[in-house]
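Asker: A structural model of the following input is requested.
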Amino acid sequence: MTPNVGGMDRTLRIVAGLALLSLFFLLEGNARYWGLIGIVPILTGIVGTCPAYTLLGFSTCKSEPAR
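Answerer: Presented below is the predicted three-dimensional model:
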């Protein structure tokens, strides 16, 4: 898989994912399970590849200089 998520994007995804995941522990009842959606941005931030970006042909990675 080719990385398509840049550095700042990765950081924001991980922070947002952790914030969403915290809802799992803060909310009560069935609403708490919506916090598990935070796993997706955490994983895409760690791996550096976003399937939606791939489908749309979008990338936030800086291109590497030609050698």
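Asker: who's in contact with the residue nearest the centre of the chain?
Answerer: Averaging the C-alpha coordinates of the chain gives a centre point, and the residue nearest to it by CA atoms, centre = their mean is P41 (2.4 Å). For P41, the set of contacting residues under the criterion of CB atoms under 8 Å, 6 or more residues apart in numbering consists of R13, I14, A16, G17, L20. Any C-beta I mention is one placed from the backbone N, CA and C, and that applies to glycine too.
Asker: burial measure for the residue lying closest to it once chain neighbours are set aside, as a count.
Answerer: Distances taken as CB to CB, 6 or more residues apart in numbering put G17 closest to P41, at 3.7 Å, once the chain neighbours are dropped. Applying other CB atoms under 10 Å, we find 20 residues neighbouring G17.
Asker: now N4: which helix or strand?
Answerer: Remark: N4 resides in no helix or strand, with elements defined by DSSP states H and E.
Asker: do you know the pLDDT at it?
Answerer: Model confidence at N4, given as pLDDT, is 93.
Asker: can I get the helix or strand hosting the residue nearest to P41 in PDB, CA atoms only?
Answerer: Assessed by DSSP H and E, G17 sits inside helix 7-26. In PDB, the C-alpha atoms belonging to helix 7-26 read as follows (Å, rounded to 0.1, in the frame of the first residue of the first chain):
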ATOM      1  CA  GLY A   7       2.300  14.000   8.700                       C
ATOM      2  CA  MET A   8      -0.100  16.600   9.900                       C
ATOM      3  CA  ASP A   9      -3.100  14.600   8.600                       C
ATOM      4  CA  ARG A  10      -1.800  11.500  10.500                       C
ATOM      5  CA  THR A  11      -1.500  13.500  13.700                       C
ATOM      6  CA  LEU A  12      -5.000  15.000  13.400                       C
ATOM      7  CA  ARG A  13      -6.500  11.600  12.600                       C
ATOM      8  CA  ILE A  14      -4.900  10.000  15.700                       C
ATOM      9  CA  VAL A  15      -6.000  12.800  18.000                       C
ATOM     10  CA  ALA A  16      -9.600  12.800  16.600                       C
ATOM     11  CA  GLY A  17      -9.700   9.100  16.800                       C
ATOM     12  CA  LEU A  18      -8.600   9.100  20.500                       C
ATOM     13  CA  ALA A  19     -11.200  11.800  21.200                       C
ATOM     14  CA  LEU A  20     -14.000   9.700  19.600                       C
ATOM     15  CA  LEU A  21     -12.800   6.500  21.300                       C
ATOM     16  CA  SER A  22     -12.900   8.300  24.700                       C
ATOM     17  CA  LEU A  23     -16.700   8.600  24.200                       C
ATOM     18  CA  PHE A  24     -16.900   4.800  24.600                       C
ATOM     19  CA  PHE A  25     -15.700   5.300  28.200                       C
ATOM     20  CA  LEU A  26     -17.600   8.500  28.900                       C
END
